[in-house]
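# Sequence and predicted structure are below.
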There are 2 protein chains.
Amino acid sequence: MDSPVALIPQLAAHIIAAGGKRLRPLLTLAAARLCGHEGERHILLASCVEFIHTATLLHDDVVDESALRRGQASANALFGNKPSVLVGDFLFARAFQLMIEDGDVEAMRILSEASATIAEGEVLQLMIQNDLAATEAQYFAMIEGKTAALFAAASELGGVVGQRPPAECAALREYGGALGIAFQLIDDALDYAADEKALGKTVGDDFREGKITLPVMLAFVRGDAAEQAFWRRTIEAREQEEADLVQAQALMARHGSVAETVARAESYGDRARAALEIFPDSQARRALLGIVDFCIARAR
Amino acid sequence: MDSPVALIPQLAAHIIAAGGKRLRPLLTLAAARLCGHEGERHILLASCVEFIHTATLLHDDVVDESALRRGQASANALFGNKPSVLVGDFLFARAFQLMIEDGDVEAMRILSEASATIAEGEVLQLMIQNDLAATEAQYFAMIEGKTAALFAAASELGGVVGQRPPAECAALREYGGALGIAFQLIDDALDYAADEKALGKTVGDDFREGKITLPVMLAFVRGDAAEQAFWRRTIEAREQEEADLVQAQALMARHGSVAETVARAESYGDRARAALEIFPDSQARRALLGIVDFCIARAR
């Protein structure tokens, strides 16, 4: 992330200091070990994954006008939107420089495809924002793009770097994709359930932005006429008052929509675990299984 | 630029319909022919160049809050900032998918390095914006990054696809880099000189944004105390009144700062022409020389 242009390392230092779970590069590192990779190429590829993720976070925060990221002031709040857009572009370009340095065309193919799919998922999110007529299929297409694509790519890279046969690479991709959906479902559930400290992001952000997430969709379709009017006013018209978030949480509790979102996440977690069954037991496999538990446990 | 996510082809269609000179891909096409390339790979690489350029335009317009691009409503003005950021990301990712499909690692290296350098140049521009203490060296570093890097890469790609020796690739890179600086100098001169119709962008944009460009820098250092106070108020403090643009143009005319900017561009144009001297005369070489004339002639 170094550059002679001082603002780039300054903003980068802020991002690094803000922490984060580093889940995606961890997937690459653990999957590479699972696949018997003994070298250090997986470190470079894991860095590419995290660079791409960081670039998308910088741009997301601009798009969402978020004030907080990982419990700290977001880069756009601190440095402004302009450096966030441009440093995001820089990190994205650096990710491609790194993977070209590595030289594996299959890894490049996986990461460039994931990058395009992430952008498509983000645009889809924008298109169905504030639209309660959005379907569950659209919601899942969106989170597959914006979240699961990079989880899938990060995991598959472990198989590529370990030079494993296609079936094992596909299993890792399946694991990462299912994990990514579980992760996003939990994230969407937490926005209505958790307290700010535990989550490391502003609670109710999704609600205030009128984001269409599964908890909202389930509460809307199960609600009576008065409840649907509440959702239309708050999510579609975005006319919100102080007490509306609490009311939204109460309606979700009544219809069990947060609980069902978590249950669906658990089902995707099971799918992720099942995908690893073709691999024999190892420390790396236990680590990958542990990541599934960790992602789901955030909601408990 | 196709995608199942409808907003992406919609925004892409707007960009294509808005026209543009397509100068950068033209460099790749003509340089490839100059280098004896007979196939069609140069078309794919030229597309990568234009995709990267389009992505940076989309992000630039967000960063600059521009209302016009190529004489039409800019994408951010028409669709909003959010789709412009995200579709820019999509196009950038698609460019990398295309070049990976081509499979030439040297081409990938050139384009990924150019992409990182463009972002650095854009961040540098942000850092010295509104700062009359910026040096000419910083200005040239900025335009080398934000403009010349892609002109250089686009031209060098012709040598790569034509499998020419390093000296010829370097000559094409030198040509493109010098041309890019000439192009940007003319662009910066035109912002204070041309009428909106001819330029295809809002005249005085740079002035209103307090952008540090060579015409401003030259007028500032050559100005007396009262003139310097004018520049500090309008460019640094950005306190501008209706008549200030006309006054800025008058001060520039007094000190010949637009004319000198054009003269410097002509000198870079000469450098670009000289770089092509190692190639024998051909239709492609005449085309590349013609592009230099065209870029400079915009200011006449």
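Yep, it's here. Since we're looking at a predicted model, the values are computed, not measured.

# C-alpha only now, for contacts and for neighbours.
OK.

# Need the contact partners of stretch A:27-41.
A:42-43, A:45-46, A:102, A:151, A:154-159, A:161-164, A:172, A:176, A:282-285, A:287-288 (CA atoms under 8 Å, 6 or more residues apart in numbering or on different chains).

# in the stretch 201-300 of chain A, which ranges drop under the pLDDT threshold?
A:201-202, A:300 (pLDDT under 70).

# Nearest to chain B: which residue in it?
A:Glu209 (13.3 Å; CA to the nearest CA).

# give the contact list for A:Ala189.
Neighbour list for A:Ala189: A:214-215, A:258-259, A:261-262, A:299 [criterion: CA under 8 Å, 6+ apart].

# rerun at 6 Å
A:Val258 (CA atoms under 6 Å, 6 or more residues apart in numbering or on different chains).

# host element of it?
helix A:166-193 (DSSP states H and E).

# Buried residues, that helix. List them.
A:168-193 (16 or more other CA atoms under 10 Å in any protein chain shown).

# tell me the helices in the stretch 101-250 of chain A, going along the chain?
Taking DSSP state H, counting those that start in this stretch as the test, the helices found in the stretch 101-250 of chain A are A:105-128, A:136-143, A:149-161, A:166-193, A:196-199, A:205-209, A:214-222, A:225-231, A:244-255.

# Phi and psi next, for A:Gly36.
For A:Gly36, the backbone dihedrals (degrees, to the nearest 10) come out as phi 80, psi 10.

# could you measure it against chain B, distance?
Distance, A:Gly36 to chain B, using CA to the nearest CA, to the nearest Å: 27 Å.

# same thing with A:Pro166?
As defined by CA to the nearest CA, A:Pro166 lies at a distance of 20 Å from chain B.

# before we move on, what about A:Cys48?
13 Å.

# The helix or strand containing A:Val85 near chain B at all?
Using DSSP H and E, A:Val85 falls within helix A:81-102. Yes: Helix A:81-102 lies within reach of chain B by CA under 6 Å from any CA of the partner chain, at A:82, A:86, A:90, A:93, A:97.

# same check, this time on stretch A:108-124
Yes: against chain B, stretch A:108-124 shows contacts by CA under 6 Å from any CA at A:112, A:115-116, A:119.

# is it possible to export these to a markdown table including neighbour count and pLDDT?
Shown next, in a markdown table, are the residues of stretch A:108-124 next to chain B (neighbours: other CA atoms under 10 Å in any protein chain shown; pLDDT from 0 to 100):
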| residue | neighbour count | pLDDT |
| --- | --- | --- |
| A:Ser112 | 27 | 97 |
| A:Ser115 | 30 | 98 |
| A:Ala116 | 25 | 97 |
| A:Ala119 | 27 | 97 |
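
# Quick check: A:Phe90 touching B:Thr117?
No: A:Phe90 lies out of contact with B:Thr117 (CA atoms under 6 Å); the separation is 7.9 Å.

# Could you list the buried residues of stretch A:238-246?
By 16+ other CA under 10 Å, the buried positions in stretch A:238-246 come out as A:240, A:244-245.

# Likewise for stretch A:253-271?
A:253, A:255-266, A:268-271.

# again with stretch A:288-300
Result for stretch A:288-300 [16+ other CA under 10 Å]: buried residues A:288-289, A:291-293, A:295-296, A:299.

# same thing with stretch A:13-27?
Neighbour count says stretch A:13-27 has A:14-15, A:24-27 buried, by 16+ other CA under 10 Å.

# now swap in stretch A:57-66 and tell me
Buried, per 16+ other CA under 10 Å, within stretch A:57-66: A:57-63, A:65-66.

# residues in contact with it?
Residues contacting stretch A:57-66 (CA under 6 Å, 6+ apart): A:81, A:84-85, A:88, B:82.

# let's go with 7 Å and repeat that
A:74-76, A:81, A:84-85, A:88, B:82 (CA atoms under 7 Å, 6 or more residues apart in numbering or on different chains).

# could you dump those residues to JSON lines with pLDDT and distance to B:Asp224?
Listed next are the contacts of stretch A:57-66 as JSON lines, based on pLDDT from 0 to 100; distance: CA to CA, whole Å:
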{"residue": "A:Ser74", "pLDDT": "76", "distance to B:Asp224": "43"}
{"residue": "A:Ala75", "pLDDT": "74", "distance to B:Asp224": "40"}
{"residue": "A:Asn76", "pLDDT": "77", "distance to B:Asp224": "39"}
{"residue": "A:Asn81", "pLDDT": "84", "distance to B:Asp224": "36"}
{"residue": "A:Ser84", "pLDDT": "91", "distance to B:Asp224": "38"}
{"residue": "A:Val85", "pLDDT": "94", "distance to B:Asp224": "38"}
{"residue": "A:Gly88", "pLDDT": "95", "distance to B:Asp224": "41"}
{"residue": "B:Lys82", "pLDDT": "88", "distance to B:Asp224": "44"}
